[in-house]
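Peer 1: sequence and predicted structure, then a few things I'm wondering about:
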There are 2 protein chains.
Amino acid sequence: MKNYKGLLIDLDGTMYRGAKVIEEAPRFVKRCREQGIPYLFLTNNSAKTPDQVAEKLNGMGIPASSENVYTSSMAAASYVSHHRPQAKVYMIGEEGLKQALEKQGMTFVEEGADVVVVGIDRGLSYEKLGRAARNIEKGALFVSTNGDKAIPSEEGFLPGNGAITEAIALTAGIRPIFTGKPEAIVVDEALDQLGISKAEALLVGDNYYTDILAGIHSGIDTLMVETGATSFKELNDVQAQPTYKIKTLDEWSFFS
Amino acid sequence: MKNYKGLLIDLDGTMYRGAKVIEEAPRFVKRCREQGIPYLFLTNNSAKTPDQVAEKLNGMGIPASSENVYTSSMAAASYVSHHRPQAKVYMIGEEGLKQALEKQGMTFVEEGADVVVVGIDRGLSYEKLGRAARNIEKGALFVSTNGDKAIPSEEGFLPGNGAITEAIALTAGIRPIFTGKPEAIVVDEALDQLGISKAEALLVGDNYYTDILAGIHSGIDTLMVETGATSFKELNDVQAQPTYKIKTLDEWSFFS
């Protein structure tokens, strides 16, 4: 294994499961820090701000500051700033997305938007869905943070951003650009922020269909752990394999 | 052409376009009435009650009582009463669907539903989408009035019931049963109400992909007019053809 210059690390299934830390995770991140290897936590959660994500991690004994967090909302905001700088945005979303767009100098409008950006929004309404679709119909770029269809919760599944986005796409008759995993966009934008090249980067995650595929789509090496969504057995069904597979993060050596 | 014993007549594009009556429509329905041929107006609109639909038609000079109206909501309620009599229903929808379900003896619940029934709901919320998905996950039958993706309005497209239903289906990971056009269900239930057999029935409509296909799926004869959604030219692209094609309803003779 190579001496990577930077890590992109998934959260749910890799660092924790729901509210419970994964035993090996704090050790892994501390080793990473001791070796002076920069890392970014990569999450499809579009509702939380980097501060909120870092706070949860610290509470679990995983060293993290807001600078160590990269969300699908930040990827969306960064993508929009490259393609429509200083855009007028109609947003469906929560604080994490709002803050990310503001940091990129976007302004918010209800009509006449240059871009529609959609993230998870627990204040969703029929009115918001229609407004998004009509702005898109009139020519606004259609960007969505991620395509996750459902969010597991204690009571059962909650609608994910992918489900909300699909309702808008069907109404407008136009497909969105997703920025989160498994798209390459979030990986490319995160590497940009980390200041390293693709050849120097390793993506660490548990979910083949979001994490590992994001790495594969972007063209970087991937490390799959078996502490979350996908079992190694399921890899028999897919063609593109992760670069490395380990049961838990304790098995990883940072230097060859 | 045969001497049909009953007609199923589409509304938008066949009787009117938006708020404007189609010139030949009142004459057609009056001729129908003079000949003593029973008819039902067949609409995918799930929000309106039969009374409200009849009122609009009368206002345009088209003779109609509530008994002449059959909605996708009535088809849904009837379908549910056959498969889950006296069911506990979690409903997303408006007055038309509520009334139809009540008439079939259904009771409304928030949790522990036997059936989830979805119709257009301009009071839609994230909470409602999630509640529908969780009831379905726990085993409730999933019924939706229709799959229409968007509703044209003066400001642009509004989310249709098909868009709302898709968000729920993606969250729950389960596909719904649609009852409205182009499904056979609404036609079969309407014929049941009209008390005629398939061989005696004619479906009249403008939209190949909803009206005419509903007739074809049900196995009844169809009459397509060119006053609405589909041009005759577009029929070159489809295999199953309508039984008859006429430019306007004035061209139709009730007896051969």
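Peer 2: Received it, and whenever you're ready, just let me know what you need. Residues are numbered from 1 along each chain as shown, chains lettered A, B, ... in the order given.
Peer 1: what does the stretch 151-256 of chain A put close to chain B?
Peer 2: Within the stretch 151-256 of chain A, the positions near chain B by Cβ under 8 Å from any Cβ of the partner chain are A:155-160, A:162-164, A:166-168, A:170-173. Heads up, the C-betas are built off the backbone N, CA and C, glycines and all.
Peer 1: how does it look with 10 Å?
Peer 2: Within the stretch 151-256 of chain A, the residues that sit near chain B (Cβ under 10 Å from any Cβ of the partner chain) are A:151, A:153, A:155-160, A:162-173.
Peer 1: out of these, which are buried?
Peer 2: A:151, A:156-160, A:162-172 (16 or more other Cβ atoms under 10 Å in any protein chain shown).
Peer 1: which ones among the residues you listed map onto strands?
Peer 2: If you go by DSSP state E, those have A:I151, A:G156, A:F157, A:L158, A:P159 in strands.
Peer 1: which ones are touching A:L129?
Peer 2: A:92, A:118, A:164-165, A:167-168, A:170-172, B:124, B:158-159, B:163-164, B:167 (Cβ atoms under 10 Å, 6 or more residues apart in numbering or on different chains).
Peer 1: between those residues, which is nearest B:R84?
Peer 2: Taking Cβ to Cβ as the measure, B:R84 lies nearest B:I164 of the contacts of A:L129, at 21.5 Å.
Peer 1: show me the domain layout of chain A.
Peer 2: As given by automatic domain parsing, the domain ranges for chain A are A:6-44+A:181-251, A:83-178.
Peer 1: could I get those as a markdown table with distance to B:I220 and mean pLDDT?
Peer 2: Formatted as a markdown table, the domains of chain A follow (distance: least, Cβ to Cβ, whole Å; pLDDT from 0 to 100):
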| stretch | distance to B:I220 | mean pLDDT |
| --- | --- | --- |
| domain A:6-44+A:181-251 | 45 | 96 |
| domain A:83-178 | 29 | 97 |
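Peer 1: can you say which of those domains is packed in most?
Peer 2: domain A:83-178 (a mean of 21; mean count of other Cβ atoms under 10 Å in any protein chain shown).
Peer 1: show me how far it is from its chain's centre.
Peer 2: 15 Å (Cα atoms, centre = their mean, to the nearest Å).
Peer 1: which bits of the stretch 1-150 of chain A sit near chain B?
Peer 2: So the stretch 1-150 of chain A meets chain B at A:111, A:120-138, A:147-150 (Cβ under 10 Å from any Cβ).
Peer 1: circling back to that earlier point, out of the ones in strands among the buried ones among the residues of the stretch 151-256 of chain A next to chain B, the closest to B:A19 would be?
Peer 2: A:P159 (34.3 Å).
Peer 1: pull the contacting residues for A:L141.
Peer 2: Residues near A:L141 by Cβ under 10 Å, 6+ apart: A:79-80, A:83-84, A:87, A:89, A:113-117, A:135, A:174, A:176-177.
Peer 1: at 7 Å what do you get?
Peer 2: Taking Cβ atoms under 7 Å, 6 or more residues apart in numbering or on different chains, we find A:L141 in contact with A:H83, A:R84, A:D114, A:V115.
Peer 1: I'd like to know how far the first one sits from A:S72.
Peer 2: Using Cβ to Cβ, to the nearest Å, one gets 16 Å for the distance from A:H83 to A:S72.
Peer 1: check the ones in strands among the buried ones among the residues of the stretch 151-256 of chain A next to chain B and tell me the two furthest apart.
Peer 2: Top of the distance list for those (Cβ to Cβ): A:G156 and A:P159, 11.1 Å.
Peer 1: can you tell me, leaving aside adjacent residues, what's nearest to A:E234?
Peer 2: A:Y208 (6.7 Å; Cβ to Cβ, 6 or more residues apart in numbering or on different chains).
Peer 1: right, and the one you found touches A:T230 too?
Peer 2: Yes. Between A:Y208 and A:T230 there is a contact at 4.2 Å, judged by Cβ atoms under 7 Å.
Peer 1: can you show me the helices along the stretch 101-250 of chain A?
Peer 2: Assigned helices in the stretch 101-250 of chain A, in chain order: A:126-137, A:161-172, A:184-194, A:213-218 (criterion: DSSP state H, counting those that start in this stretch).
Peer 1: of the ones you listed, which is nearest B:F142?
Peer 2: Comparing the helices of the stretch 101-250 of chain A by Cβ to Cβ, helix A:161-172 comes nearest, at 14.2 Å.
Peer 1: which elements pack onto the closest one?
Peer 2: strand A:115-118, helix A:126-137, strand B:156-159, helix B:161-172 (3 or more Cβ pairs under 7 Å, 6 or more residues apart in numbering or on different chains; DSSP states H and E).
Peer 1: contacts for the first one?
Peer 2: This points to strand A:115-118. With contacts defined as Cβ under 7 Å, 6+ apart, strand A:115-118 is touched by A:76, A:80, A:84, A:87, A:89-93, A:97, A:101, A:132, A:135-136, A:140-145, A:161, A:164-165, A:168.
Peer 1: note down every partner strand of that strand and its orientation.
Peer 2: strand A:88-92 (parallel), strand A:141-144 (parallel) (DSSP bridges).
Peer 1: now do the longest one and helix A:161-172, the angle between them.
Peer 2: Per axes from the mean of the first three to the mean of the last three Cα atoms, to 10 degrees, the angle that strand A:88-92 makes with helix A:161-172 is 120 degrees.
Peer 1: which residues does the one helix or strand A:E55 maps to contact?
Peer 2: Assigned by DSSP states H and E, A:E55 belongs to helix A:50-59. Defining contact as Cβ under 7 Å, 6+ apart, one finds that helix A:50-59 is touched by A:M15, A:F41, A:T43, A:A64, A:S65, A:S66, A:N68, A:V69, A:T71.
Peer 1: next one: phi and psi at the third one?
Peer 2: Its backbone dihedrals place A:T43 at phi -130, psi 140, with angles given as degrees, to the nearest 10.
Peer 1: ok, the fourth one next?
Peer 2: Torsion angles at A:A64 (phi, psi; degrees, to the nearest 10) stand at phi -160, psi 140.
Peer 1: and the second one, by the same measure?
Peer 2: Phi and psi for A:F41, reported as degrees, to the nearest 10, are phi -80, psi 130.
Peer 1: just the terminal-to-terminal distance for stretch A:219-238.
Peer 2: 17 Å (Cα to Cα, to the nearest Å).
Peer 1: contacts for that stretch next, please.
Peer 2: Contacts for stretch A:219-238 (Cβ under 7 Å, 6+ apart): A:12-14, A:17, A:22, A:187, A:198, A:201-208, A:212, A:215-216, A:241-249, A:252.
Peer 1: let's see 6 Å
Peer 2: A:13-14, A:22, A:198, A:201-204, A:206-208, A:212, A:215, A:242-249 (Cβ atoms under 6 Å, 6 or more residues apart in numbering or on different chains).
Peer 1: strands - which of those residues land there?
Peer 2: Those of those lying in strands (DSSP E): A:A201, A:L202, A:L203, A:V204, A:Y244, A:K245, A:I246.
Peer 1: ok, those residues vs chain B, which is closest?
Peer 2: A:L203 (26.0 Å; Cβ to the nearest Cβ).
Peer 1: spatially central residue for chain A, please.
Peer 2: A:N44 (2.9 Å; Cα atoms, centre = their mean).
Peer 1: isn't that one up against A:N146?
Peer 2: Yes. If you go by Cβ atoms under 6 Å, A:N44 and A:N146 touch, sitting 4.3 Å apart.
Peer 1: what do the two both touch?
Peer 2: Residues touching both A:N44 and A:N146 (Cβ under 6 Å, 6+ apart): A:S72, A:G180.
Peer 1: CA atoms only for stretch A:112-130, dumped as PDB, please.
Peer 2: Coordinates of each C-alpha in stretch A:112-130 appear next as PDB, following Å, rounded to 0.1, in the frame of the first residue of the first chain:
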ATOM      1  CA  GLY A 112     -36.200  34.200 -11.300                       C
ATOM      2  CA  ALA A 113     -33.400  31.900  -9.900                       C
ATOM      3  CA  ASP A 114     -30.300  31.100 -11.900                       C
ATOM      4  CA  VAL A 115     -29.900  27.900  -9.900                       C
ATOM      5  CA  VAL A 116     -32.200  25.600  -7.900                       C
ATOM      6  CA  VAL A 117     -30.400  23.700  -5.100                       C
ATOM      7  CA  VAL A 118     -32.100  21.000  -3.300                       C
ATOM      8  CA  GLY A 119     -31.100  19.300   0.000                       C
ATOM      9  CA  ILE A 120     -33.100  17.500   2.700                       C
ATOM     10  CA  ASP A 121     -35.700  19.800   4.200                       C
ATOM     11  CA  ARG A 122     -38.000  18.700   7.000                       C
ATOM     12  CA  GLY A 123     -40.000  21.900   6.300                       C
ATOM     13  CA  LEU A 124     -40.800  20.700   2.800                       C
ATOM     14  CA  SER A 125     -44.200  21.700   1.400                       C
ATOM     15  CA  TYR A 126     -46.200  21.300  -1.900                       C
ATOM     16  CA  GLU A 127     -45.500  25.000  -2.500                       C
ATOM     17  CA  LYS A 128     -41.700  24.500  -2.300                       C
ATOM     18  CA  LEU A 129     -41.800  21.500  -4.700                       C
ATOM     19  CA  GLY A 130     -43.800  23.500  -7.200                       C
END
